Each structure stands twice: as C-alpha cells, then as structure tokens.
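Asker: predicted coordinates and the sequence they were generated for:
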Amino acid sequence: MQLDLMELLLEGKGGAQFQEYMERYLDAKYGSRFERTTENGRKGDGGKDGYIYDSKHYFAISSRSDFKRKITFDFFNCVTKNHDVRKFTYVTNRALPTAYAEVVNRLRGIYPTISVEVLTHYTIAREIFDFPKKQIEKILNRDVDISRDNSIYFAENEDESESFTFREAIKDSIHWYTLLIIICVVVGVLFYFLHFNEQVWGIAMMGLFVFLVLYLILFGKGIKKTKFPHKILYLICSGKLPVGGEIIFNEAIHRSIHRNSMWNFTFYKRSVSCVKRGCTGKVYLYDHEEETYIGKCERDPVNHTYTVDRNFYGNLNC
Ligand SMILES: [Zn+2]
C-alpha cells in the first residue's frame, strides 16, 4: 500500500465507519490517554467523540460534507457542555485544511484561549503511514502490504558483523604492520646504497618480490584480518567516534564501525535493496556531508542515490 492509497481509503469512509477508523487512529497515537466517548454509549454527547483528560483536548470526528456548519455546531456544543476546554480538534475526511481556515479563524476569534485545529485525512494518512506495520493493520482492520516507496533503512548484515576490543585489533593487525615495516626498511636500505649497480638492484627487487609472495602465502589470512587500529585511534582522538556512535570506516568494502564502549567496537556492513522501480541492486553508504551520508546503488550509482541520515534512514533522491 502506498500513501495516496491510504488517503483514498480514508477519504472513502463515511459515517460510523470513518468514526471507527479515526478512533483506532487516535488510540494508536495517544495510547490510553485518549478516551473514547462512544464506548460509554454516549455517542455525540457533549459535542465530542473523544478526549484527552489531562490536556483538556477534545476531538470531534465527522465525515459530513457541510463541514462549516458541523464544525461550528460541534465546537459550541463542546465548549458549552465541557469544562475548561483547551484544545478542540475537528477530524474529517472532507476537503483540504485551507477550506477550514475561515471558520477556524472565526471560532478562535470568539474563544481566543482555545486552540482550534482541523485534522484532515491527508495529514492522518501520512501519520498512519509512519506507524509500525502492526499498528497500521490494527487501524485499518486488515492486513496490508506497506511499501513506503521512497524511504529505506540500511540494516546491518548480521553475518558480516564483527565485535572486538582494541587489544584484539592490535593483535589482528600484527602481520599487516610487520609487512609494512619490512617493506619500508628494505626500500630505505636500497635507497641508502644508491651507488649499487643495476645488477644488485635487480637482485634486491627480485628478492623483495619473492619475499612478498612468500609472506602473502604464509600470512595472507592474517593480513586480511587487520583492523587498522591506528585509524581507530585517530577517529577516537579526533572525536569522530564517540561511545555509542557509528561511522563509515572503509567505503570500498562498505564497512562501518560502531563504538560499543570505551575500547570495544563492532564492524558492520550495512546495505539495503534499491527501491527505484524495476531495480534489484543493493545500495551502500558513502561519506557525504557533515550530517548526512549518501547511498548509492551498485547498479546505477549516478541516478539511484539516497540522502541518508546518521541513523541510517534514507530517502530516494528523485
Ligand atoms: Zn538501483
């Protein structure tokens, strides 16, 4: 189900059915604070269909098309029959909020201390759409297949997450650092003895190459495990990775790092399926601006892009 369908569905409800839908919506929105009037068998009594006692907020629900007359009637009925009304909300699936502006202003003029608002099915559909699926199904009283067309969440791939301490990160990176140091030393020595003739250079280079191949064969797995603790240390010291925070660590392999506690971390791989119509690609995260990431689809990284917040929720850029 998409948003426009939700609007149509609410628009199509009339009378008692619209009332029931809206009561379930208000239940979902306000929980036990919202008290229905209809449950007490006093439907329509006191110009209200429900209220929130602690905030003195009253609701009138109506799908009648003569809305100007109905909202005025319900409002006056409510303020005369209830004590200390602070907010009055007229819930309707007729017309746009702008159509009510005039009548709402008039009522506000008469009772300036009462906040008057009109809630139409457009706003309500949008709010319902953001509820969890179970709650939506409860409000609509049926199973739904929700497709929040343009919004996505980059979930972590459980199989590819890895937790470790800083000490383990160093241990896992020994082979990588050793290799780096050896290469630096060999190259350094060779440059120091630049006066060597070409033959010596050739032999030395060949020796280095053979060494590298052997090293990779022997310690390849170890090198792969490296966690670049120096980079982690840099992120900590620069304040980019506070406890509880998560940032992209390596774009090329789509790896992000979460700092669980002072010296405890988890690598995640986050991705989501592209929601562009007809596309089956995976979307991965890339650094963008201070406050946002950019999600790029592997199939079309130029046209299928997403603006993603730091909590990994994103929207398709149209
Ligand atoms: Zn795509």
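Answerer: It's in.

Asker: quick one: name the residues of the stretch 201-318 of the chain near the ion.
Answerer: Of all the residues in the stretch 201-318 of the chain, those in contact range of the ion (Cβ under 5 Å from the ion) are 274, 276, 279, 281, 297, 299, 304. Quick note: C-beta positions are derived from backbone N, CA and C, even for glycine.

Asker: residue of the stretch 51-200 of the chain closest to the ion, please.
Answerer: residue 152 (11.0 Å; Cβ to the ion).

Asker: that residue in helix, strand or coil?
Answerer: Using DSSP: H, G, I helix; E, B strand; the rest coil, the structure places residue 152 in strand.

Asker: shift numbering so it begins at 23
Answerer: Fine by me, first position is 23 from now on; the one you just mentioned is residue 174.

Asker: now do the contacts for it.
Answerer: For residue 174, the contact set (Cβ atoms under 8 Å, 6 or more residues apart in numbering) comprises 294, 295, 297, 305, 317, 328, 335, 336, 337, 338.

Asker: which among the residues you listed end up buried?
Answerer: Neighbour-count burial within the contacts of residue 174 applies to 294, 297, 305, 317, 328, 336, 337, 338; the criterion is 16 or more other Cβ atoms under 10 Å.

Asker: touching, the last one and residue 301? I think so.
Answerer: To tie it back to what came earlier, the one meant is residue 338. No: Residue 338 lies out of contact with residue 301 (Cβ atoms under 8 Å); the separation is 10.3 Å.

Asker: what is in contact with these two at once?
Answerer: With the criterion set as Cβ under 8 Å, 6+ apart, the overlap between the contacts of residue 338 and residue 301 is residue 326.

Asker: any idea how far residue 277 is from residue 183?
Answerer: 10 Å (Cβ to Cβ, to the nearest Å).

Asker: what is in contact with these two at once?
Answerer: Among the neighbours of residue 183, those also in contact with residue 277 (Cβ under 8 Å, 6+ apart) are 289, 290, 291.

Asker: which one of those is nearest to residue 273?
Answerer: Closest to residue 273 out of the shared contacts of residue 183 and residue 277 is residue 291 (11.7 Å), distances taken as Cβ to Cβ.

Asker: would you map out the domains in the protein?
Answerer: The domain map for the chain lists 25-170, 196-246, 251-338, with the assignment taken from automatic domain parsing.

Asker: tell me where the model's unsure across the stretch 173-322 of the chain.
Answerer: Low-confidence segments of the stretch 173-322 of the chain (pLDDT under 70): 216-218.

Asker: quick one: the strands in it?
Answerer: Residue ranges of the strands in the stretch 173-322 of the chain, as given by DSSP state E, counting those that start in this stretch, are 173-175, 177-178, 184-187, 268-272, 277-283, 286-295, 304-309, 314-319.

Asker: how about the contacts made by residue 47?
Answerer: Residue 47 neighbours (Cβ under 8 Å, 6+ apart): 146, 149, 150, 161.

Asker: what about the first one, neighbour count?
Answerer: Looking back up the chat, that one is residue 146. Residue neighbour count, defined by other Cβ atoms under 10 Å, stands at 22 for residue 146.

Asker: right, and residue 268 touches residue 280 too?
Answerer: Yes: between residue 268 and residue 280 a contact is recorded at 4.0 Å, counting by Cβ under 8 Å.

Asker: between the two, which contacts overlap?
Answerer: With contacts defined as Cβ under 8 Å, 6+ apart, the residues adjacent to both residue 268 and residue 280 are residue 290.

Asker: thinking again about what came up before, so between residue 183 and residue 277, which is more surrounded?
Answerer: Using other Cβ under 10 Å as the criterion, residue 183 and residue 277 rank with residue 277 on top: 18 against 15.

Asker: for the more buried one, give me its contacts.
Answerer: Residue 277 makes contact with 270, 271, 289, 290, 291, according to Cβ under 8 Å, 6+ apart.

Asker: who wins for most neighbours among the residues you listed?
Answerer: residue 290 (23 neighbours).

Asker: now it. Nearest residue, chain neighbours left out?
Answerer: What sits nearest to residue 290 in space, not counting adjacent residues and going by Cβ to Cβ, 6 or more residues apart in numbering, is residue 178, at 4.1 Å.

Asker: is it true that that neighbour touches residue 289?
Answerer: No: at 9.6 Å, residue 178 does not count as touching residue 289 under the criterion of Cβ under 8 Å.

Asker: hmm, residue 223 is touching residue 212, no?
Answerer: Yes: under the contact definition of Cβ under 8 Å, residue 223 touches residue 212, with a separation of 7.0 Å.

Asker: out of the residues of the stretch 223-340 of the chain next to the ion, which are buried?
Answerer: Among those, those classed as buried by 16+ other Cβ under 10 Å are 296, 298, 301, 303, 319, 326.
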